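Asks: Sequence first, then the predicted structure:
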Amino acid sequence: MEEINDLYDYGLKIYQNTKFFKFSIDSILLAEFVNLKNNQYILDICTGNAPIPLILSTKKSNIKIDCVEVQKDIYDLAKKSIEKNKLTNTIRVFHKDIKDFQSEKKYDIITCNPPYFKATETSQKNQNEIKRIARHEILLTLQDLIEISNTLLKENGTLYLVQRSDRFLETIKHLEKNKFGIRKITFVNTKVDVPSQIFLIEASLSKKSDPKFYTLNTFNLKSYKNIFNKEGTR
């Protein structure tokens, strides 16, 4: 069932479908994690119903955002959300497989909340095809994503990812193989006394790795807006 909801407390609306999936806290955290400047050109891969581009549009003026979604039903939700919020001059959404996507110029920033789970023969997969593609690496692997980001970013451009903590070492390996320097890592704790399940990472193309490590506890937060401007989380 299609519905329109508030996009957290950003003053925006977002179209969702209860048969598919709703935007998650992961997307909010990633959008807040991005170090955004005016006049930048941004690409959001695996955009879903576009929560990350919508949030980023509230952060700085004169930015331009492209977003890519491979699943038509989800692309339609993103398109409606962008139109509903009167952001068609800021955000463009493309119904494309990112492997086939081409841009007229390279990007300053790429963001992605990718499929988290490997699609092995023995892995449990959702019976709903849309959820299955969104959550499992059926159409796009982590390695694919990082290799594609290498070709679409400007020199010294920045990639921002959210990923499962148990894939941390794998993520670092693919980034360094593709000439990304690791700049910032934040491990996110969502429950007391439970190991981190996700992390956020900032990596810059053709820069040396010089990572700064942080932790973020979300279990006692009342708002995620501008959270990474606080001491100890940026």
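Replies: Received it, and whenever you're ready, just let me know what you need.

Asks: can you pull out the helices in the protein?
Replies: Remark: helices assigned in the chain by DSSP state H are 25-33, 51-56, 72-84, 129-135, 142-152, 168-177.

Asks: now the ones you listed in JSON lines, with distance to residue 64 and mean pLDDT?
Replies: Bear in mind the C-beta positions are built from the backbone N, C-alpha and C, glycine included. Output for the helices of the chain, formatted as JSON lines (distance: least, Cβ to Cβ, whole Å; pLDDT from 0 to 100):
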{"stretch": "helix 25-33", "distance to residue 64": "16", "mean pLDDT": "95"}
{"stretch": "helix 51-56", "distance to residue 64": "10", "mean pLDDT": "97"}
{"stretch": "helix 72-84", "distance to residue 64": "13", "mean pLDDT": "96"}
{"stretch": "helix 129-135", "distance to residue 64": "25", "mean pLDDT": "65"}
{"stretch": "helix 142-152", "distance to residue 64": "14", "mean pLDDT": "97"}
{"stretch": "helix 168-177", "distance to residue 64": "25", "mean pLDDT": "97"}
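
Asks: nearest to residue 223, of the ones you listed?
Replies: Among the helices of the chain, helix 25-33 comes nearest to residue 223, with 10.1 Å by Cβ to Cβ.

Asks: Contacts for that closest one, please.
Replies: Contacts to helix 25-33, defined as Cβ atoms under 8 Å, 6 or more residues apart in numbering, come from residues 8, 48, 51-52, 55-56, 59, 111, 113, 160-162, 186, 188, 190, 198, 200, 202, 216, 218, 224-228.

Asks: Please list the members of those residues that lie in strands.
Replies: 111, 160, 161, 162, 186, 188, 198, 200, 202, 216 (DSSP state E).

Asks: Can you report how many residues neighbour residue 162?
Replies: 25 (other Cβ atoms under 10 Å).

Asks: Pick the most deeply packed of the helices of the chain.
Replies: Highest mean neighbour count among these (mean count of other Cβ atoms under 10 Å): helix 51-56, with a mean of 27.

Asks: returning to what we had before: quick one: which of the ones in strands among the contacts of helix 25-33 is most hemmed in?
Replies: For those, neighbours were counted using other Cβ under 10 Å, and residue 111 has the most, 28 neighbours in all.

Asks: correct me, but that one touches residue 153?
Replies: No: the pair residue 111 / residue 153 is not scored as a contact, 11.3 Å apart, by Cβ atoms under 8 Å.

Asks: shared neighbours of those two, anything?
Replies: Counting by Cβ under 8 Å, 6+ apart, the contacts common to residue 111 and residue 153 are residue 159.

Asks: which one is residue 61 nearest to, not counting chain neighbours?
Replies: Closest residue to residue 61 apart from its sequence neighbours, by Cβ to Cβ, 6 or more residues apart in numbering: residue 38 at 5.8 Å.

Asks: from memory the one you found sits against residue 62, does it?
Replies: Yes: with contact defined as Cβ under 8 Å, residue 38 and residue 62 form a contacting pair (5.3 Å).

Asks: how about low-confidence regions in this structure?
Replies: Along the chain, the model assigns pLDDT under 70 to residues 117, 119-132, 134-137, 230-234.
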